[in-house]
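> what's the 3D shape of this:
(one chain, ligands or ions: 1)
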Amino acid sequence: MNFDKICVLGMGYIGLPTASTFATHGVRVVGVDVNRQVVETLQNGGVHIHEPGLRTLFQAAYKSGNLTISPQPEESDAFIIAVPTPFKEGKKADLEFVVSASEAIVPYLKQGNLVVLESTSPPRTTIDVVAPILEKSGLKAGEDFHLAYSPERVLPGQILRELIDNARVIGGIDKASSDAGRDLYATFVRGEIICTTATTAEMVKLMENTYRDVNIAIANEFSRLAARFGVDVWEAIELANRHPRVEILNPGPGVGGHCISVDPWFFVEAAPDLTPLIATARNVNDAQPQVVVDMLQSALTDLSGKRIAVLGLAYKPDVDDLRESPAVEIASQLAEKGAIVVAYEPYKLDAQFPKFSMAQTLEEALSGADALVLLVAHAPLKNIAPEDVAAKTKARIAIDAVNGWDAAAWQAAGFSLSRLGVGTDHNPLSTTH
Ligand code: SAJ
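Model (predicted):
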């Protein structure tokens, strides 16, 4: 199938890079968003999302004339839905945006079109939710138009490269739909394109992120066990990973972001009777911020009135994304327990929170602090020299929740350093640090 013109609905983290990439590969693209501010920013040549290389790519696409931005769809050969699927109260998937984007396509849908859902969705959404809405057009899915699910699998920070290089799964509601989807993405995808059914493709996406969540949960549980048994979990993991068939992930302050901490709940919601392990893993990871709060509580005896410098707020290293971030949760919990929290997030200095204040510099965060805690292994925070820190603060209590700091160097600079997953009676001479 040939695609001269497509509509991409949702100009977010996935839709905007996808639309720009199609446009720079010669396809005419209408980028659609319901948010007026987003439409205006893009129409003025600006970009509202921080992702390496995206501004340059978008501007090239926009200037070429292949990419236009509009508040509503137009008649096209294909429609791609790339809207968010957040979750609402009770950890239930919120399909409101998928539903409204599908409805927006109905007036423009024509015989022979292809519609692709990319938004992460509970199993059977393409067949049970999207198809019936599109059929309000009077056209029948699989007979009059093609319909497929194709998950995005890109890693924030590397979206532009992974969009092109990653393997792409296309799940059609029938073979013709899968084939049409494969033809569409072959425009730019260099990774393998694999066709399957729509519901398989939906499950694949959820399985990938659930697998990672469950594996992080076991690493977090290992860190709790190591702390109890006087072991350094980081050393133990490194040794266990020498086994050729073992690859334990990293423990940490919890699992954040808008994918891994959300997607497993879609399985739990869809089949609670079949998902005790997945639900438990989610709860283990969600409880991890409490472990870090407890470490501070025991180091400071009482949190009330203590000034704590929180270093890093993003959900993972070297990104500016604070969504579902466990670091924000920890800072908030500390403040709720009466601590005076001053957070420093080098990639997002203008963030604001009701319960704690933000420092504009590392110095400002450290000044007057009673303790400091490293919550994100951002390069600029990992690399601070403990002697410099010692000169800038009276605090001598330090917590490292991400294995970012060299324990011996911090101890030599006069700090009492507690590391997540390291038992207090652990002999530091035997660590790998
Ligand atoms: N984390 C740990 N320990 C680890 C690895 C990660 O605690 O060993 C934490 C991170 O600090 C972070 C969270 O998990 O808080 C998630 O980070 P991540 O880098 O694992 O993943 P995301 O959310 O940035 O992107 C994921 C990716 N999925 C997988 O790796 C299976 C990406 O490919 C998906 O496209 C993306 O979710 C998505 O959109 O679903």
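
> Find the nearest non-adjacent residue to Ala131, please.
Ala141 (4.3 Å; C-beta to C-beta, 6 or more residues apart in numbering). C-beta coordinates here come from the backbone N, C-alpha and C atoms, glycine included.

> Go through stretch 130-142 and flag the buried ones.
Residues of stretch 130-142 classed as buried by neighbour count (16 or more other C-beta atoms under 10 Å): 130-131, 133-135, 137, 139, 141.

> nope, stretch 384-392 is what I meant
Quick answer for stretch 384-392 (16+ other C-beta under 10 Å): 384, 386, 389-390, 392.

> so which residue of the stretch 301-433 of the chain comes closest to the ligand?
Lys316 (3.9 Å; C-beta to the nearest ligand atom).

> hmm, back to that, beta partners of the residue nearest to Ala131?
Phe145 (DSSP bridges).

> Quick check: it touching Glu135?
Yes. Counting by C-beta atoms under 8 Å, Ala141 touches Glu135, with 6.0 Å between them.

> that's a strand at Thr196, yeah?
Yes. Assignment of Thr196 by DSSP: H, G, I helix; E, B strand; the rest coil places it within a strand.

> show me what contacts it?
By C-beta atoms under 8 Å, 6 or more residues apart in numbering, the contact list for Thr196 reads 169-171, 178, 204.

> And Val32, its phi and psi?
phi -110, psi 140 (degrees, to the nearest 10).

> and if you look at the one 10 residues further on?
Backbone geometry at Leu42, expressed as degrees, to the nearest 10, gives phi -70, psi -40.

> likewise Thr68?
The phi/psi pair for Thr68 (degrees, to the nearest 10) is phi -120, psi 160.

> Which secondary structure state is assigned to the residue nearest to it when sequence neighbours are not counted?
Leaving aside its chain neighbours, Thr68 sits nearest to Val30 (5.5 Å; criterion: C-beta to C-beta, 6+ apart). For Val30, the assignment made with three-state DSSP gives strand.

> now swap in Leu372 and tell me
strand.

> okay, it: pLDDT?
pLDDT for Leu372: 98.

> Ile69 reaches Gly31, doesn't it?
Yes. Contact criterion C-beta under 8 Å: Ile69 and Gly31 qualify, at 4.8 Å.

> picking that back up, show me the buried residues of stretch 130-142 that map onto helices.
Members of those lying in helices (criterion: DSSP state H): 131, 133-134.

> can you put the residues you listed in JSON lines and add distance to the ligand and pLDDT?
JSON lines is the format used below for these (distance: C-beta to the nearest ligand atom, whole Å; pLDDT from 0 to 100):
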{"residue": "Ala131", "distance to the ligand": "23", "pLDDT": "98"}
{"residue": "Ile133", "distance to the ligand": "24", "pLDDT": "98"}
{"residue": "Leu134", "distance to the ligand": "24", "pLDDT": "98"}
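
> Span of stretch 228-238 from start to end?
19 Å (C-alpha to C-alpha, to the nearest Å).

> do it and the ligand meet at all?
No. Shown here: stretch 228-238 not in contact with the ligand (C-beta under 6 Å from any ligand atom), separated by at least 9.6 Å.

> picking up where we left off before, residues contacting the residue of the stretch 301-433 of the chain closest to the ligand?
Neighbouring residues of Lys316 by C-beta under 8 Å, 6+ apart: 256-257, 376.

> And for Ala377?
Going by C-beta under 8 Å, 6+ apart, Ala377 touches 312, 317, 402-404.
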